[in-house]
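*Asks:* Next come a sequence and a model predicted from it.
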Amino acid sequence: MHFRLGIPIAAVVLPLAAHHSFEAEYDFNKSVKVTGVVSKMEWMNPHPHFYVDVKDADGKVTHWNMELGAIPVLLKQGWRKDSLKQGDTVTVEGYAAKDGTKAMANARRVLLPDGRQVFGGSSAPVRDGQ
Amino acid sequence: MRALGASLLLAVAAYAQADLSGVWVVSGNPDITGDLPYTAEAMKVWQEHKANLRDKDPATYCLPNGVVRVTTLPYKIVQTAKLVVILSEGNTHSFRRLFLDGRGHQHVEEVEPDSWTGHSIAKWEGDTLVVDTIGFNDRAWLDSTGKPHSDALHVTERFRRASPSRLEVEYTLEDSKFLTKPFKFTRVFALAPGRELQEQFCTDLNHLIPEKR
Amino acid sequence: MNVRRRLTYILSAAAAALLLLSTGYAQDNGKAGKLKEIIPPGRQAPRPLGPTGPTGVVPRAADGKPDLSGLWNGQRALPGQEGPVMRPWAETLTKERTENYSAEDPEAHCLPGGVPRAIPYHHQIVQTPNLVLILFEGNIHTFRQIFLDRKEHLKNIEPRWYGDSIGHWDGDTLVVDTVGFNDKFWFDMAGHPHTNQLHVIEKYHRRDFGNMEIEVTIDDPETYVKPWITKREASLETAIEMTEYVCNENNSDVLHLVGK
């Protein structure tokens, strides 16, 4: 079945990835942007998590835990289990965990190795210009 | 008995050779009896499970049983022309969908390569519903003794209503990583007339959620 | 941030992401699994109003009734509807839950969403003459049974997350009546509460092949001064199958949920 370009299949008007409220886990005021190498993808419910090794100027590596939206939401956007592979270099923009856990964020946007910028299925509120 | 059988057939003649609908409870031991032809690696995994049954059992954590392991709580089969649904009162109070609409396993290839309960497609062979399931992860147990399987598990179930109150399911297990050859066994389920599924959620441990008023 | 503003943000995010979804499916029918590039806000077309599922004739079951069977996207509330009128205890509790960022939402702990929580995952309706099933992809992968061959509710049952549902046809509308609830689930992420005297009426009407209209009445006089009626819609899913959403297989969120 084919659909005409530009007509949404389901213009859903409700929260994405609504398993939990964004504000309870992540801080909208703590933006994060890191570049690193994917070490693992946990494609599991309720939210896939992928892990990124980020090296700082001194060569120290931090293992970031990035949360994606719920799988049903991601699938509709074209994400699959193997969309990110171990060894891929990515840039992730998102919001840090609220409870102070270091190196944990909700991934809003991911810049892939081939230059495409994709949405992480995040339920974060939208800022101007995003 | 013959009259009952005939009217049963007439009633469902429109779309199937048999009607599996009803609430069913497993007869006898729900665990697999007999020796699975395990590889050495599989035996090792089984030993690890057996050494620490309760801690390692996914059911302890309210995780799915998959399609081979069953509970002693009832199952309800709801049958339509293109879809058979199996509802489970116990374990995760969830459902299986057996697709009779001629689809293949594209969902496994393109969308969901592994899940606890796999992807089931089915067809009728006379009065027997033959169900083919692949797309498993390796996390479920085949029974409560901790028998493992790999993600290469391939299950064929043959459902046959041998009499109005007896459902026989013949299982064939194939697993290219864990079994040296196919393994068959049969389970019997008894009809539980007048019994309806009750609601129970394994994850509903009252003390975890504070109730405020 | 108040609930309304948060909802606006969430709606905008949803709209943005779903326009992304639409262009993706227009091109590859969901098969290729290729991630689609984000479209900057300036280039997005406005979200259309009204039903969005495929049009076509409503299928009929063998008994002549409309057939509601199908794989449906999550129900979504129509915009611009009246909110509930709550009793003071309920207002206080809802405010508390919202201000606490819904950290204690049972749904976030992989507990059932109850009835009639609108959940943004697929649900499959399977209709037979005497029984209608609703199979949920999420919030948890479970089911409801709606009994069409019973006119009376069960007596003396333990309070349930999904209650006891009986249904009947009123013309082309399936009317579902449910009582027998526990008081543990939230109606939404804002945390609207209820008592175990809750009585829910849902009216399902398949408008055309790809669009369902649902009218929901929440009747709980101890919580809501008058019945809280909302209208929703759902569209048929045509590109993808539902997944097995095992909510609790890796619920690490629960360790990090922080209230106020």
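*Replies:* On my side now, so go ahead. As the structure is a computational prediction, the values presented were derived from the model and not from experiment.

*Asks:* can you give me the strands in chain C?
*Replies:* Assigned strands in chain C, in chain order: C:70-72, C:76-77, C:123-127, C:131-136, C:143-147, C:164-170, C:173-179, C:199-208, C:211-219, C:228-235 (criterion: DSSP state E).

*Asks:* Show me the shaky parts of the chain.
*Replies:* Picked chain A for this. A:1-19, A:125-130 (pLDDT under 70).

*Asks:* could you do chain B instead?
*Replies:* Per-residue confidence of chain B (counting by pLDDT under 70) places the weak regions at B:1-16, B:205-213.

*Asks:* same thing but 90
*Replies:* Applying pLDDT under 90 to chain B flags residues B:1-17, B:204-213.

*Asks:* what does the stretch 151-260 of chain C give?
*Replies:* C:156-157, C:250-260.

*Asks:* Point out the residues in it that sit beside chain B.
*Replies:* C:158, C:160-162, C:183-184, C:240-241, C:243-244, C:246, C:248-249 (C-beta under 8 Å from any C-beta of the partner chain). Every C-beta, even on glycine, is put in place using the N, C-alpha and C of the backbone.

*Asks:* a markdown table for the strands of chain C, including mean neighbour count?
*Replies:* Listed next are the strands of chain C as a markdown table, based on neighbours: other C-beta atoms under 10 Å in any protein chain shown:
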| stretch | mean neighbour count |
| --- | --- |
| strand C:70-72 | 21 |
| strand C:76-77 | 18 |
| strand C:123-127 | 22 |
| strand C:131-136 | 21 |
| strand C:143-147 | 20 |
| strand C:164-170 | 17 |
| strand C:173-179 | 20 |
| strand C:199-208 | 19 |
| strand C:211-219 | 19 |
| strand C:228-235 | 19 |
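
*Asks:* one step back: can you narrow the residues of the stretch 151-260 of chain C next to chain B down to the ones near chain A?
*Replies:* Within these, those near chain A by C-beta under 8 Å from any C-beta are C:240, C:243, C:246, C:248-249.

*Asks:* Just the buried subset of the residues you listed, written out for ChimeraX, thanks.
*Replies:* Applying 16 or more other C-beta atoms under 10 Å in any protein chain shown to these, the buried members can be selected in ChimeraX as follows:
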select /C:240,243,246,248,249
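
*Asks:* hey, where'd the helices end up in chain A?
*Replies:* In chain A, the helices defined using DSSP state H lie at A:22-25, A:71-76.

*Asks:* can you put these in a markdown table and add mean neighbour count and distance to residue C:86?
*Replies:* Shown next, in a markdown table, are those (neighbours: other C-beta atoms under 10 Å in any protein chain shown; distance: least, C-beta to C-beta, whole Å):
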| stretch | mean neighbour count | distance to residue C:86 |
| --- | --- | --- |
| helix A:22-25 | 25 | 22 |
| helix A:71-76 | 26 | 31 |
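
*Asks:* Specify the strand with the largest residue count in chain A.
*Replies:* strand A:26-42.

*Asks:* which one of the residues of the stretch 151-260 of chain C next to chain B is nearest residue B:181?
*Replies:* Within those, proximity to residue B:181 (C-beta to C-beta) peaks at residue C:244, which comes in at 28.8 Å.

*Asks:* How about that closest one, nearest residue that isn't a chain neighbour?
*Replies:* Nearest non-adjacent residue to residue C:244, counting by C-beta to C-beta, 6 or more residues apart in numbering or on different chains: residue B:115, 4.1 Å away.

*Asks:* Report how many residues lie close to the one you found.
*Replies:* Look at residue B:115: counted by other C-beta atoms under 10 Å in any protein chain shown, it has 23 neighbours.

*Asks:* How about the contacts made by it?
*Replies:* With contact taken as C-beta atoms under 8 Å, 6 or more residues apart in numbering or on different chains, residue B:115 is in contact with B:135-137, C:243-244, C:246.

*Asks:* now the residue in the stretch 151-260 of chain C that chain A sits nearest to: how far from residue A:84?
*Replies:* With C-beta to the nearest C-beta as the measure, residue C:250 is the residue of the stretch 151-260 of chain C nearest to chain A, at 3.9 Å. Shown here: residue C:250 relative to residue A:84, a distance of 17 Å by C-beta to C-beta, to the nearest Å.

*Asks:* The two: which is more packed in?
*Replies:* residue A:84 (25 against 15).

*Asks:* mind listing what the more buried one touches?
*Replies:* Residue A:84 touches A:38, A:41, A:50, A:90, A:110, A:112, counting by C-beta under 8 Å, 6+ apart.

*Asks:* does stretch A:23-33 come close to chain B?
*Replies:* No. Using C-beta under 8 Å from any C-beta, stretch A:23-33 never reaches chain B; the gap is at least 14.9 Å.

*Asks:* Need the residues that contact that stretch.
*Replies:* With contact meaning C-beta under 8 Å, 6+ apart, stretch A:23-33 is reached by A:22, A:91-99, A:105-106, A:124-125, C:1, C:6, C:100-103, C:108, C:253, C:256-259.

*Asks:* how about it: buried residues?
*Replies:* A:23-28, A:32.

*Asks:* do stretch C:75-84 as well
*Replies:* C:75-77, C:84.

*Asks:* Including pLDDT, could those go into a markdown table?
*Replies:* Converted to a markdown table, the buried residues of stretch C:75-84 look like this (pLDDT from 0 to 100):
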| residue | pLDDT |
| --- | --- |
| C:75 | 95 |
| C:76 | 93 |
| C:77 | 93 |
| C:84 | 97 |
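
*Asks:* And the residue in the stretch 101-250 of chain C that chain B sits nearest to, how far from residue B:62?
*Replies:* Taking C-beta to the nearest C-beta, chain B has its nearest neighbour within the stretch 101-250 of chain C at residue C:244, 4.1 Å off. Residue C:244 is 14 Å from residue B:62, where distance means C-beta to C-beta.

*Asks:* Over to residue C:131?
*Replies:* Distance of residue C:131 to residue B:62, computed by C-beta to C-beta: 26 Å.

*Asks:* related to what we said a few turns ago, the residues of the stretch 151-260 of chain C next to chain B: which two are farthest apart?
*Replies:* With distances taken as C-beta to C-beta, the most widely separated pair in these is C:158 and C:240, at 36.5 Å.

*Asks:* So what's the residue count around residue B:68?
*Replies:* There are 22 residues near residue B:68, going by other C-beta under 10 Å.

*Asks:* Tell me which residues touch it, please.
*Replies:* For residue B:68, the contacting residues are B:32, B:140, B:142-143, B:149, B:155, B:171, B:173, by C-beta under 8 Å, 6+ apart.

*Asks:* Now for those residues: which two are most distant?
*Replies:* Going by C-beta to C-beta, the pair spanning the contacts of residue B:68 furthest: B:140 and B:171, at 14.2 Å.

*Asks:* And the two? Which one has more around it.
*Replies:* With neighbours defined as other C-beta under 10 Å, residue B:140 and residue B:171 compare such that residue B:140 has more, 22 against 18.

*Asks:* and that one, backbone torsions?
*Replies:* Note on residue B:140: its backbone torsions stand at phi -80, psi 160 [degrees, to the nearest 10].

*Asks:* rewinding a little: quick check: the residue of the stretch 101-250 of chain C closest to chain B touching residue B:116?
*Replies:* Yes. The criterion here is C-beta atoms under 8 Å, and residue C:244 meets it with residue B:116 at 6.3 Å.
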